[in-house]
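Colleague: With the sequence up front, the predicted model follows.
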Amino acid sequence: MAKVYATGRRKSSIAKVWLEAGNGQVSINGQTLDAWLGGHEAIKKRVMRPLEVSKQESSVNIVVKTLGGGYSAQADAAKHGISRALVAFDEQFRAVLKPYGLLTRDARSVERKKYGKKKARKSTQFSKR
């Protein structure tokens, strides 16, 4: 089967994911997963979660390009993109991934700062004097 493309998003991060049949190589921004994330084991597990659930760790190659946000949001965007790519690769993975919430886009993002406030909701200290 040919390459499959999918997009994953989280906060202000976007992950472009290409998936094809292969031997389990994962490349993110031109680096291996270990080189890209260093010692963040919990975040590495989050990225690999869709592959573990669908039991495809050693049968597909994945290339991911991420942009925007921090490494944690980029990792979650990559997770979302990998999940969507797996479903595009084989529709049977949908029934496996959906109960784990891996196909749901996490829509939470930073609330905008309001005029007259220090942050989105934080105000100056009130004094009656």
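Modeller: Right, received. Where do you want to start?

Colleague: so what's residue 65 bridging to?
Modeller: residue 16 (DSSP bridges).

Colleague: Now do the least confident helix or strand in the chain by mean pLDDT: which elements does it pack against?
Modeller: Lowest on mean pLDDT, DSSP states H and E among the helices and strands of the chain sits helix 33-37, with a mean of 90. Under the contact definition 3 or more CB pairs under 8 Å, 6 or more residues apart in numbering; DSSP states H and E, helix 33-37 sits against strand 26-28, helix 41-54, helix 71-89. For glycine as for every other residue, the C-beta is placed from the backbone atoms N, C-alpha and C.

Colleague: please redo it, this time with the cut-off set to 7 Å
Modeller: helix 41-54 (3 or more CB pairs under 7 Å, 6 or more residues apart in numbering; DSSP states H and E).

Colleague: follow-up on the earlier one: buried residues in the least confident helix or strand of the chain, which are they?
Modeller: By neighbour count on 16 or more other CB atoms under 10 Å, the buried set for helix 33-37 is 33, 36, 37.

Colleague: Could you double-check that residue 72 sits in contact with residue 44?
Modeller: No. Residue 72 lies out of contact with residue 44 (CB atoms under 7 Å); the separation is 11.5 Å.

Colleague: quick one: the residue nearest to the spatial centre of the chain from residue 116, how far?
Modeller: For the chain, residue 77 is the residue whose C-alpha lies nearest the centre (CA atoms, centre = their mean; 2.1 Å). From residue 77 across to residue 116, the span is 33 Å (CB to CB, to the nearest Å).

Colleague: Can you check my assumption that residue 61 lies in a strand?
Modeller: Yes. According to DSSP: H, G, I helix; E, B strand; the rest coil, residue 61 belongs to a strand.

Colleague: what about the closest residue in space to it that isn't next to it in sequence, neighbour count?
Modeller: Spatial nearest neighbour of residue 61, excluding adjacent residues (CB to CB, 6 or more residues apart in numbering): residue 22 at 3.1 Å. Using other CB atoms under 10 Å, residue 22 is surrounded by 11 other residues.

Colleague: And residue 84, by the same measure?
Modeller: Using other CB under 10 Å, residue 84 has 26 neighbouring residues.
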